[in-house]
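1. Fold the following, please.
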Amino acid sequence: MNIMKKTNPSGKTGGKLATAAGSWLVGPAIGTASLLIGLLLIAAAGLKGVDLARGVTNTHVYFHIVEVLSEWALGLWLICGLARRHATAISLAAFAAFAGVSLIRALTGRHSCGCFGPIKINPWFTLALDMAVLLSLAAQWRWGPLAQPGVRSRRWRGLTAIALAGLSVAAATWGWRYWRPAVLDTNGRIMGGHGVVTLAPAAWNGQAFPLLRFLPHSLRIQQGRWLVILYYHGCPACQHALAAIGRRLQKTHRLHQVARIELPPFGRLPAGIHTAGMLHLRLPASRQWLVKPAIPLLIDLNNGRVIHVRLFLSGMRHGF
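-> This next block holds a predicted model:
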């Protein structure tokens with residue numbers, strides 16, 4: 001009986017020592033991994049922010065803003081170490097999505113994953129990085145309970161989390177004010193923020209063409225009569241309009257003056273659309289331009305003034 005009594009306390013002591021040793025080994029490893037993953041997310045958010053400031057985005061500007069702020073916030077959360085289990089669960093879901101996007105872009109032959117803004121990285125490399133991070137996060141989820149912070153550490157992390165949350169709110173507020181929608185008035189002035197510019201061509205009739213100041217080499221369309229086409233390169237209706245007008249322009253032996261103004265993001269038109277004889281102009285890619293009510297839009301100009309604005313309708317007369 002005495003032997004049994006002596007053995008039980010020693011077993012409990014051994015269990016405590018094993019747990020303490022595990023916490024001593026696992027805790028710093030988990031903290032370092034969280035720090036590195038958080039820094040990776042903040043770096044990716046910062047590089048995407050560089051593209052956002054330059055107006056280079058493959059998605060809607062507001063989705064891009066949410067993506068940047070979300071990565072920034074998650075990175076700060078991982079660094080401060082508060083509510084580690086919840087942060088790990090959300091990070092697992094986020095990096096699983098990142099891995100899926102990298103895999104799709106790798107299989108479709110993309111040259112860059114787009115994960116790090118202006119820095120071009122092969123999607124296969126980013127897929128390997130995402131998988132490594134997922135393995136690290138899975139290990140954190142398994143061994144996280146061994147690395148519970150002490151009271152003093154929790155207080156410090158709580159203060160850090162409050163400071164970083166305040167910084168994130170300030171950054172989000174600035175981003176919202178800076179990138180809120182803007183409107184182009186009839187005098188060609190952009191009123192509002194630095195985000196999407198809304199164009200309302202229906203109000204341009206009888207006014208000077210307000211886009212002239214944003215178009216390089218626009219001096220030509222300020223003289224004489226012009227048919228102007230506003231379009232996106234990936235819009236099927238726009239492609240149909242350009243093809244129809246291009247055929248009419250060829251038949252009239254280019255006796256008419258036609259300018260096509262491309263809205264960003266830019267790209268090539270499909271093969272078979274003949275735009276020979278058309279003046280090609282582009283609006284600045286530093287902004288996103290939204291046309292209301294729709295495109296393709298046809299605008300008749302006479303010496304730089306808008307005579308008529310209309311939607312393209314198949315079979316209708318288009319200024320020839």
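
2. how much space between the residue nearest the centre of the chain and L301?
-> By Cα atoms, centre = their mean, the chain has its centre lying nearest to H64, at 2.7 Å. Here H64 is placed at a distance of 33 Å from L301 (Cβ to Cβ, to the nearest Å). Quick note: C-beta positions are derived from backbone N, CA and C, even for glycine.

3. With N205 instead?
-> Relative to L301, N205 is positioned 11 Å away (Cβ to Cβ).

4. so what's in contact with the two at the same time?
-> I307 (Cβ atoms under 8 Å, 6 or more residues apart in numbering).

5. more neighbours, those two?
-> Under the criterion of other Cβ atoms under 10 Å, the comparison of N205 against L301 puts L301 first, with 23 against 14.

6. Spatially nearest residue to that one, not counting backbone neighbours?
-> In this structure, L301 finds its nearest non-sequential neighbour in W226, 4.4 Å apart by Cβ to Cβ, 6 or more residues apart in numbering.

7. pLDDT value on the one you found, please?
-> Note for W226: predicted pLDDT of 93.

8. list the helices and strands the helix or strand containing it packs on?
-> Assigned by DSSP states H and E, W226 belongs to strand 225-231. With contacts taken as 3 or more Cβ pairs under 8 Å, 6 or more residues apart in numbering; DSSP states H and E, strand 225-231 sits against helix 236-251, strand 258-262, strand 297-302.

9. Specify the angle between that strand and strand 258-262 in degrees.
-> Orientation of strand 225-231 against strand 258-262 (axes from the mean of the first three to the mean of the last three Cα atoms, to 10 degrees) gives an angle of 30 degrees.

10. And strand 225-231, how far out from the chain middle?
-> Computed by Cα atoms, centre = their mean, to the nearest Å, the separation of strand 225-231 from the middle of its chain amounts to 30 Å.

11. Neighbouring strands of it in the sheet, and parallel or not?
-> Here strand 225-231 has these sheet partners by DSSP bridges: strand 258-262 (parallel), strand 297-302 (antiparallel).

12. can you put these in a markdown table and add mean pLDDT and distance to H111?
-> Putting those into a markdown table (pLDDT from 0 to 100; distance: least, Cβ to Cβ, whole Å) gives the following:
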| stretch | mean pLDDT | distance to H111 |
| --- | --- | --- |
| strand 258-262 | 94 | 23 |
| strand 297-302 | 92 | 33 |
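
13. picking up where we left off before, so the residue nearest to the centre of the chain, which state does it fall into?
-> Look at H64: counting by DSSP: H, G, I helix; E, B strand; the rest coil, its state is helix.

14. A helix includes I90, no?
-> Yes. Counting by three-state DSSP, I90 is part of a helix.

15. burial measure for it, as a count.
-> Applying other Cβ under 10 Å, I find that I90 has 17 neighbouring residues.

16. thought it was touching L74?
-> Yes. Here I90 reaches L74: they are 6.5 Å apart, a contact under Cβ atoms under 8 Å.

17. closest one to L167 among the helices and strands packed on strand 225-231?
-> Counting by Cβ to Cβ, L167 lies closest to strand 258-262 out of the helices and strands packed on strand 225-231; the figure is 38.7 Å.

18. next one: that closest one to chain centre, how far?
-> Remark: strand 258-262 is offset 27 Å from the chain centroid, using Cα atoms, centre = their mean.

19. G38 belongs to a helix?
-> Yes. Judged by three-state DSSP, G38 forms part of a helix.

20. what residues are up against it?
-> By Cβ under 8 Å, 6+ apart, G38 lies in contact with 74-79.

21. cool, H217 as well?
-> L281.

22. Which secondary structure state does it sit in?
-> At H217, secondary structure determined by three-state DSSP is coil.

23. Can you report phi and psi for it?
-> phi 60, psi 40 (degrees, to the nearest 10).

24. If I look at it, what pLDDT would I see?
-> 75.
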